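*Asks:* got a predicted structure here, sequence first:
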4 protein chains.
Amino acid sequence: MRGLVLDAKWDPKPDYVVSDWEKKTGKAITGSSIWRNPKLQVQERPMPKITRPDEVLLEVKACGVCGSDIHFYETDKDGYMFYPGLTKFPAITGHEFSAKVVETGKEVTNVKVGDPVTVEEMIWCGYCTPCRNGFPNHCSNLEEIGFTIDGAFAQYLVVGSKYCWKVDGILERFGEQVGYDVAALSEPTCVSYNAMFSRAGGFKPGAFVCVFGAGPIGLAAIGLAEAAGAGKIVTFEVSPQRREIAKKIGADEAYDPRQVKIHEVLNDLSQGEGFDFFVEAAGVPELVLSEAEKSLAINAKIVQIGRAAKQVPMYLESFQVRRSQFYGAQGHSGDANFPSVIRLVAGGRLNLLPIITSRYGLDQVVNAIAQSGERRDGKIMVHPN
Amino acid sequence: MRGLVLDAKWDPKPDYVVSDWEKKTGKAITGSSIWRNPKLQVQERPMPKITRPDEVLLEVKACGVCGSDIHFYETDKDGYMFYPGLTKFPAITGHEFSAKVVETGKEVTNVKVGDPVTVEEMIWCGYCTPCRNGFPNHCSNLEEIGFTIDGAFAQYLVVGSKYCWKVDGILERFGEQVGYDVAALSEPTCVSYNAMFSRAGGFKPGAFVCVFGAGPIGLAAIGLAEAAGAGKIVTFEVSPQRREIAKKIGADEAYDPRQVKIHEVLNDLSQGEGFDFFVEAAGVPELVLSEAEKSLAINAKIVQIGRAAKQVPMYLESFQVRRSQFYGAQGHSGDANFPSVIRLVAGGRLNLLPIITSRYGLDQVVNAIAQSGERRDGKIMVHPN
Amino acid sequence: MRGLVLDAKWDPKPDYVVSDWEKKTGKAITGSSIWRNPKLQVQERPMPKITRPDEVLLEVKACGVCGSDIHFYETDKDGYMFYPGLTKFPAITGHEFSAKVVETGKEVTNVKVGDPVTVEEMIWCGYCTPCRNGFPNHCSNLEEIGFTIDGAFAQYLVVGSKYCWKVDGILERFGEQVGYDVAALSEPTCVSYNAMFSRAGGFKPGAFVCVFGAGPIGLAAIGLAEAAGAGKIVTFEVSPQRREIAKKIGADEAYDPRQVKIHEVLNDLSQGEGFDFFVEAAGVPELVLSEAEKSLAINAKIVQIGRAAKQVPMYLESFQVRRSQFYGAQGHSGDANFPSVIRLVAGGRLNLLPIITSRYGLDQVVNAIAQSGERRDGKIMVHPN
Amino acid sequence: MRGLVLDAKWDPKPDYVVSDWEKKTGKAITGSSIWRNPKLQVQERPMPKITRPDEVLLEVKACGVCGSDIHFYETDKDGYMFYPGLTKFPAITGHEFSAKVVETGKEVTNVKVGDPVTVEEMIWCGYCTPCRNGFPNHCSNLEEIGFTIDGAFAQYLVVGSKYCWKVDGILERFGEQVGYDVAALSEPTCVSYNAMFSRAGGFKPGAFVCVFGAGPIGLAAIGLAEAAGAGKIVTFEVSPQRREIAKKIGADEAYDPRQVKIHEVLNDLSQGEGFDFFVEAAGVPELVLSEAEKSLAINAKIVQIGRAAKQVPMYLESFQVRRSQFYGAQGHSGDANFPSVIRLVAGGRLNLLPIITSRYGLDQVVNAIAQSGERRDGKIMVHPN
């Protein structure tokens, strides 16, 4: 079987204190402080095998290139990879995917051979207290497909069946070929869905929604805001190509944040009443939240999806005067996120197709990642088989 | 000024105990037990005048015929009107309307002369404990436009400015003529919005929604479900004309409830998982809730809008096994219902236009009401000027 | 090892259609229609053994007698047991318990040998859609300790570690002996906690709370209402002994429902404003909900815990006029119910001790169950070791 | 009639731009930039009179000294008052009070002569969009008793009846004399209640609660946390006297924040799980929120009550990793805050009495304010009659 293997050298930066847990597990908590000289290569690897009765073997149909895949590839001047999160290498990368079930363990009941599925990326344990309390995105024993265990830029993959969700409805709507591509967008869409609806509780229909950043997560947020009845949707995004896609997906307005004063735009568009719901999907809260604070409607919500390991100056007085709230979000598991997104797409309420702007075979996956790094695309899809 | 005056004889049924409050105020709590031989007639009436500094004088542009207007008109064999609610006659009827502001009291700031508006029907006091706690729909001192005080099947009307909401955005989208018609649908749409979103907390996008009854309230519920991202919308309605409108507004399926087994349809359409959100807008909970109980998704909600003064047998065990809940709803005021609906319509997210199926002048209003009683229309609109 | 074994004859009633699933699994969905001539006997049984790496072996310290244990014991005139739920016999019964960990499977991390624990009764799978969506109380593959698999009226028991919650804080507060008794009340208390707070969303401090029935579930509800800041707590219960315990646990008033008009009492106590939160823990919704409907505060909630497989006439108009809602509840798992209850008890905020009114050894367990059937006790505790 | 009149000179700081609205209304939006050389003096003033039919005349029984009263009194080196908020002088100050109704306007129905009441400080209009949407704390036309209109450090006062809430239940519990003192704590207690329960949605019983600052608002928050079933309550407060009161009111632990590392204390007390609910009532979010961020339980909430007109560095990543949220709160009106707090106090569930540490007559009110500035007291109560 062929797969895109990422290897790198375990070479902690001099000032980084490697924890006992990192030493014991070989996992880096802060990948960018440990992994050096990453190498990405499509290699021949052993066919994965089912070893537990609750697992399934999947034939990968489509796998999208994620920002994290780019951050594995890009390095600083000393050769350390940019990606700052939990990682263990060597591993096959890729985690936004759809697949066909080709074999099932003997205790598997939710899927059967031939079923088309999409898969959660977060391998939550189901045993720790967060999992038992209903917070799988905060599992204490998390493994992540394509980060700490082998991923989906490969022909085949073995995963636990409980992470699989059937997408037959999506294939019925779009046909098999396009359907698998669309289904592979489920994972990033669920990140936005989880943040907007499961974490922040959504908005009442008619609300004005602002999305910062129109990369794949922001685009999904725009599509979801449109599906959920936003009265107006505005996005701020530096890439002109992405602004175009944003409009196709549902944005009423798409601005280059370098060309306008954000809070003035938002206050004008709302006739001074402010916006009701903000999604930070740009990863630059230090640049945009102060603008949001100046254009909060009374009872507004801000939900943070983008990651930024830095302190952000917040004018809390604005949250008091405007009766507003802030939510931090991560992950996509639990809370019926996957089945809800699948229903939206299968029911024709959410059209994600314009997000996909390029398609490659597995042999071109390194090129696909490099192209993705130019941030002109919506989502680049790789077809490993 | 001309207006449609309803008069009737105060002639309490022999077994009805008239309360002291009814005697003192001349209001009937149970109209159908007191008012006999109702007469509807377009009459010349004195021009209404502003008497308090917070009032406005309105020129009525469009006013819809409501089910209650029909129940004023229809009587039992002894001549008692059908409408069972709070009423005081004689009064001009009509309460689902849009208008242009022609004069403002000296303390009015939210609207100005020339503004197009729609108006709440519930004249909540702002002083009682329910009002102060945020529940104006449950005001202890309620007056109702077109029920206990003069309404909008008339050329002019005086109301408190705080019940008025500007609809300039709707006129911008639809043009002035059609815009006023669409704006007149705000009141019934807010009844559905209040029930679905403010009372029952809405549903997560992708949920399966069932609406019982596709009269104007049910049709608005269907449109709102579509706007808010329902994964699938099904309605049950006896009138074939209304089933057609339901499909235009957003229903995926519309059945005659006499031709199918409701719970079987719902379980089939959801592949056995059940429906997530039920709106009772048919006024026959005794017929349909037992069907809903057999097709509840886990974590389902039922919201009751239709009125039915009778005990309904409920199998509560179903609510326990399916983790489900039931909400009673009435009214449309408060909770940002009006501005939210207006934004949805003005933003093009909710197209109510197909609901309007006939239009009449004030002189034909009695005919309009009679036609409405045939329950073939969506909404009949009357233009008093 | 000794344990209380319940056996009964599989003898379906003539009019009961045995499903294929029942035939295949040997489980009765409606126990009262299948199991005849139940026999309860303390027997010598093989010591249970850990067979999966995530299991633990427990030494049972205390196990309460539940209403279901009584319904296993009581029969109709034809000898069919009263208990109407999911069951598979022979099995050791008992499911409200505390225990000490005596052995752990090799993958267990949340508890260690010597730890005091209490245990969920619902063995949710973690794989089905309800489990993955966060609704373990509605697991599609549920097993139940003491109902379909061996329970805790026994010296030892093997369970999955994920169903175990440490109660060291409770033992610190009460000492080891009393602490284990109190800890054994966690399960029924979590049933009330789940219903009141996880399902119905609780009440705002100061709310007036009415609890129907002061058996163990109702008593726990009263204690929880007191802990959570109810402004006033009233209970209705036929047993004078239980009314006394109710007052110790936190009820301001405790009435015999046969001696008063419930809705008059509630309206008097609230000066006509009505009660805000109702807990049905008597299992007779057909008798009490119509009283609740006449004493609903605006924005009231009713949560149904008691089971009653019958249609209950509901006057839905009351829920509309009073802006009220109804929630069905079952189970105790998930939503941080167990850790929350344990913290309340360990922190001294919730004193459940007055609920325990008798204690027995394992040899007297049949007597304990018989005594429990007289419904004079709060909770009878059995000490198997 | 005698009252404490605050006068000051309208002398805008050179760099402060006086808005047109400020010029027109004579109200300063930022008091500390305009009002110079404040003078506080008990003066003879005309007896206030009812001028609108919905007003009442009140005889003030008790009025607490608030931090804002101190900030009126304290000035910077240039003589500008410290208080930064909305103000119009001269005015009688004082806004946390109880009173007896001595006269009622002809439309008043909710209170009658002789009734004991407490009063909202926020004079919300009921007409603006925030008011109509249910957000009176965010009224666009706010007047504030003791800030922009005459307050309650006076023998008599006229207010709109809709801001009055009866406290007869409190007088029944505490007797008339103490009862009026306790009732005068309703206003600051409602500020905490609004923040914790109406804004942040409260916490599930058993949750661990941390309160920053044990001034009157923080003390009320501690009492409310205890009443609402917190599993553990910890406060951080520099004043040793206030730490003592905190323990009487319900704090399990009270620390001097200068003597400990806050996040270490919180993580120790929660055995590493973190705290669930944080109340910032110290007005120094820049000092304490970074500590909260390091001790967030999964699904934690932070609610900001203290005012601090500065940017606070926030590590948003913590909110993402710990599934946490932040709420800004202001005000006390609406959402049944007043009736709920009154019920808690009248029902004996919330004992605020230990908060009151000194009592003065009206003649000593300037001394009372000076003493309050030493921040050793809980609450100082002034008796104007």
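*Replies:* Received, thanks.

*Asks:* with adjacent residues omitted, what lies nearest to whichever residue of the stretch 151-300 of chain A sits closest to chain C?
*Replies:* Residue nearest to chain C within the stretch 151-300 of chain A: residue A:162 (4.7 Å; Cβ to the nearest Cβ). Quick note: C-beta positions are derived from backbone N, CA and C, even for glycine. Leaving aside its chain neighbours, residue A:162 sits nearest to residue C:127 (4.7 Å; criterion: Cβ to Cβ, 6 or more residues apart in numbering or on different chains).

*Asks:* so that neighbour sits against residue A:161, correct?
*Replies:* Yes. The criterion here is Cβ atoms under 8 Å, and residue C:127 meets it with residue A:161 at 7.0 Å.

*Asks:* now do the shared contacts for those two.
*Replies:* Residues touching both residue C:127 and residue A:161 (Cβ atoms under 8 Å, 6 or more residues apart in numbering or on different chains): A:54, A:109-110.

*Asks:* if we go by neighbour counts, what in stretch A:232-247 is buried?
*Replies:* Across stretch A:232-247, burial judged by 16 or more other Cβ atoms under 10 Å in any protein chain shown covers A:232-237, A:239, A:242-247.

*Asks:* how many residues are close by residue A:325?
*Replies:* Taking other Cβ atoms under 10 Å in any protein chain shown as the neighbour definition, residue A:325 ends up with a count of 25.

*Asks:* check which helix or strand covers the nearest residue to it once chain neighbours are set aside.
*Replies:* Among residues not flanking residue A:325 along the chain, residue D:327 sits closest, at 4.7 Å (Cβ to Cβ, 6+ apart). Assessed by DSSP states H and E, residue D:327 sits inside strand D:325-328.

*Asks:* what comes up buried for that strand?
*Replies:* D:325-328.

*Asks:* what helix or strand is residue A:369 on?
*Replies:* Assigned by DSSP H and E, residue A:369 falls within helix A:365-372.

*Asks:* could you list every helix and strand in contact with that helix?
*Replies:* For helix A:365-372, the elements it packs on are strand A:35-44, helix A:67-73, strand A:356-361, strand A:379-383, judged by 3 or more Cβ pairs under 8 Å, 6 or more residues apart in numbering or on different chains; DSSP states H and E.

*Asks:* contact partners of it?
*Replies:* So helix A:365-372 is contacted by A:4, A:40-42, A:65, A:67, A:69-70, A:73, A:153, A:358, A:360, A:377, A:380, A:382 (Cβ under 8 Å, 6+ apart).

*Asks:* tell me what angle it forms with strand A:379-383.
*Replies:* Using axes from the mean of the first three to the mean of the last three Cα atoms, to 10 degrees, the inter-axis angle of helix A:365-372 relative to strand A:379-383 is 170 degrees.

*Asks:* CA atoms only: put helix A:365-372 into PDB for me.
*Replies:* Output of helix A:365-372 as PDB, limited to C-alpha atoms (Å, rounded to 0.1, in the frame of the first residue of the first chain):
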ATOM      1  CA  VAL A 365       0.200  15.000  -2.900                       C
ATOM      2  CA  VAL A 366       3.400  16.800  -2.100                       C
ATOM      3  CA  ASN A 367       2.700  19.300  -4.900                       C
ATOM      4  CA  ALA A 368      -0.900  19.600  -3.600                       C
ATOM      5  CA  ILE A 369       0.400  20.500  -0.200                       C
ATOM      6  CA  ALA A 370       2.900  23.000  -1.700                       C
ATOM      7  CA  GLN A 371       0.100  24.600  -3.700                       C
ATOM      8  CA  SER A 372      -2.200  24.700  -0.700                       C
END
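
*Asks:* the helices in chain A, which residues?
*Replies:* Secondary structure of chain A (DSSP state H): helices at A:20-25, A:67-73, A:129-132, A:168-174, A:176-183, A:186-193, A:216-227, A:240-249, A:262-269, A:285-293, A:316-321, A:337-346, A:365-372.

*Asks:* as TSV, these with distance to residue A:201 would be great.
*Replies:* Shown next, in TSV, are those (distance: least, Cβ to Cβ, whole Å):
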stretch	distance to residue A:201
helix A:20-25	34
helix A:67-73	26
helix A:129-132	20
helix A:168-174	26
helix A:176-183	27
helix A:186-193	12
helix A:216-227	14
helix A:240-249	22
helix A:262-269	21
helix A:285-293	17
helix A:316-321	16
helix A:337-346	14
helix A:365-372	32
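
*Asks:* would you turn those helices into CSV with distance to residue B:79 and mean pLDDT?
*Replies:* Below are these laid out as CSV (distance: least, Cβ to Cβ, whole Å; pLDDT from 0 to 100):
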stretch, distance to residue B:79, mean pLDDT
helix A:20-25, 84, 94
helix A:67-73, 74, 89
helix A:129-132, 66, 98
helix A:168-174, 56, 97
helix A:176-183, 63, 97
helix A:186-193, 57, 98
helix A:216-227, 52, 97
helix A:240-249, 60, 97
helix A:262-269, 56, 98
helix A:285-293, 62, 97
helix A:316-321, 59, 96
helix A:337-346, 52, 98
helix A:365-372, 77, 93
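
*Asks:* straight-line length of stretch A:349-363, end to end?
*Replies:* End-to-end distance for stretch A:349-363: 34 Å, by Cα to Cα, to the nearest Å.

*Asks:* stretch A:148-158 too?
*Replies:* For stretch A:148-158, the first-to-last residue distance is 14 Å (Cα to Cα).

*Asks:* need the residues that contact it.
*Replies:* A:1-4, A:27, A:45, A:47-51, A:55-60, A:63, A:86-88, A:91-97, A:99, A:102, A:119, A:123, A:143, A:145-146, A:362, A:365, A:382, A:384-385.

*Asks:* mind doing that once more with 6 Å?
*Replies:* A:1-4, A:27, A:48, A:50, A:55, A:57-60, A:63, A:88, A:91-95, A:97, A:143, A:145, A:365, A:384-385 (Cβ atoms under 6 Å, 6 or more residues apart in numbering or on different chains).

*Asks:* inside strands: which ones of the residues you listed?
*Replies:* In this view, the contacts of stretch A:148-158 that belong to strands under DSSP state E are A:2-4, A:55, A:57-60, A:63, A:91-92, A:97, A:143.

*Asks:* where does chain A have its least confident helix or strand?
*Replies:* Counting by mean pLDDT, DSSP states H and E, the weakest-scoring helix or strand in chain A turns out to be helix A:67-73, with a mean of 89.

*Asks:* re the thing from before, show me how to select, in PyMOL, the buried members of the contacts of stretch A:148-158.
*Replies:* Listed next is the PyMOL selection for buried residues among those, using 16+ other Cβ under 10 Å:
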select buried, chain A and resi 1+2+3+4+27+48+50+55+57+58+59+60+63+88+91+92+93+94+95+97+143+145+365+384
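
*Asks:* ok so, going back, can you count the residues close to the residue of the stretch 151-300 of chain A closest to chain C?
*Replies:* 24.

*Asks:* surely it and residue C:125 touch.
*Replies:* No. If you go by Cβ atoms under 6 Å, residue A:162 and residue C:125 don't touch, sitting 9.0 Å apart.

*Asks:* where's residue A:218 relative to chain D, distance?
*Replies:* Going from residue A:218 to chain D by Cβ to the nearest Cβ, to the nearest Å gives 16 Å.

*Asks:* now that residue: closest residue in space that isn't a chain neighbour?
*Replies:* residue A:281 (3.7 Å).

*Asks:* would you mind measuring from the one you found to chain B?
*Replies:* For residue A:281, the distance to chain B (Cβ to the nearest Cβ) stands at 17 Å.
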